[in-house]
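[1] Let's see this in three dimensions:
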Amino acid sequence: MPIRGGTYFLTWTTYGSWLPGDSRGFVSRVPVGTDEYTIHNRVGTPQDADMPLVREAAEARMRGAKIVFGREHAHCCRAAFEEVAERNEYVLHACAVMATHVHVVLRSESHEGPELLRFLKGVSSRRLTQMFGKPDAPSWWTRHGSRRLLTNPDSRAGAVRYTLTQDGPLTVFGVLAD
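    Okay, the predicted model is just below:
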């Protein structure tokens, strides 16, 4: 039976706020040929950035307004993440909720990145809708997110440091190690 679980650096964005092709950088499929795509989401590899044709295609697919969080939204999300971690006996190392995206460093003994991402996005979406009503978009979050497996203590420490030192967080959870 394969080993499950691990520590993951999870990142995802609010709907429409950080589209593929963005000049700030992005982690999404990018064309490399006529019918071929690649994704650059490995720790230590550069992100793709500033691809106007990719961004225009993403904008054309939008079906609602972009979501930008305020402090109340962020606190609602953080509470949901803490609830998911406690209920499932995960270790929440760090989280930061910004106006347009979220970073979470989470350890699970039994679930992998895709499942963790679904749990966190699902519970936070329900809590946001309960507190603020349905968004003027198909969902609060973009469809996918980055799920980087952190394979050693240095990569975990780096992900926690990155998460806790974000510019302009609306709420943060975690402690920087010395």
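[2] Quick check: the closest residue to Gly145 other than its chain neighbours vs Pro31, distance?
    In space, Gly145 comes closest to Trp12 once its chain neighbours are excluded; the distance is 3.0 Å by CB to CB, 6 or more residues apart in numbering. For glycine as for every other residue, the C-beta is placed from the backbone atoms N, C-alpha and C. Distance, Trp12 to Pro31, by CB to CB, to the nearest Å: 22 Å.
[3] So if I had to pick from those two, which one is more boxed in?
    Remark: of Trp12 and Pro31, Trp12 carries more neighbours, 21 against 13, as counted by other CB atoms under 10 Å.
[4] So the more buried one: helix, strand or coil?
    Assigned with DSSP: H, G, I helix; E, B strand; the rest coil, Trp12 falls in the strand class.
[5] Quick check: the gap between it and Val84.
    In terms of CB to CB, Trp12 sits 14 Å off from Val84.
[6] what do you get for Leu19?
    Leu19 is 27 Å from Val84, by CB to CB.
[7] try Arg127
    From Arg127 across to Val84, the span is 10 Å (CB to CB).
[8] So which elements touch the longest helix along the chain?
    Longest helix in the chain by number of residues, with DSSP state H as the criterion: helix 113-132. Under the contact definition 3 or more CB pairs under 8 Å, 6 or more residues apart in numbering; DSSP states H and E, helix 113-132 sits against strand 6-13, helix 71-88, strand 101-108, strand 146-150.
[9] coming back round to it: the residue nearest to Gly145 reaches Arg118, doesn't it?
    No - if you go by CB atoms under 8 Å, Trp12 and Arg118 don't touch, sitting 10.6 Å apart.
[10] between the two, what contacts are shared?
    The contact sets of Trp12 and Arg118 do not overlap (CB atoms under 8 Å, 6 or more residues apart in numbering).
[11] Alpha carbons of the longest helix of the chain, as CSV, please.
    Extracted C-alpha coordinates of helix 113-132, given in CSV (Å, rounded to 0.1, in the frame of the first residue of the first chain):
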residue,chain,number,x,y,z
GLY,A,113,-2.4,17.7,-1.5
PRO,A,114,-5.5,17.5,-3.8
GLU,A,115,-7.7,16.3,-0.9
LEU,A,116,-6.4,18.9,1.5
LEU,A,117,-7.0,21.6,-1.1
ARG,A,118,-10.6,20.4,-1.6
PHE,A,119,-11.2,20.3,2.2
LEU,A,120,-9.9,23.8,2.9
LYS,A,121,-11.6,25.4,-0.1
GLY,A,122,-14.8,23.6,0.5
VAL,A,123,-15.2,24.4,4.2
SER,A,124,-14.1,28.0,3.7
SER,A,125,-16.5,28.4,0.8
ARG,A,126,-19.4,27.2,3.0
ARG,A,127,-18.4,29.5,5.8
LEU,A,128,-18.0,32.5,3.5
THR,A,129,-21.4,31.9,2.0
GLN,A,130,-23.0,31.5,5.4
MET,A,131,-21.5,34.7,6.6
PHE,A,132,-21.7,36.9,3.4
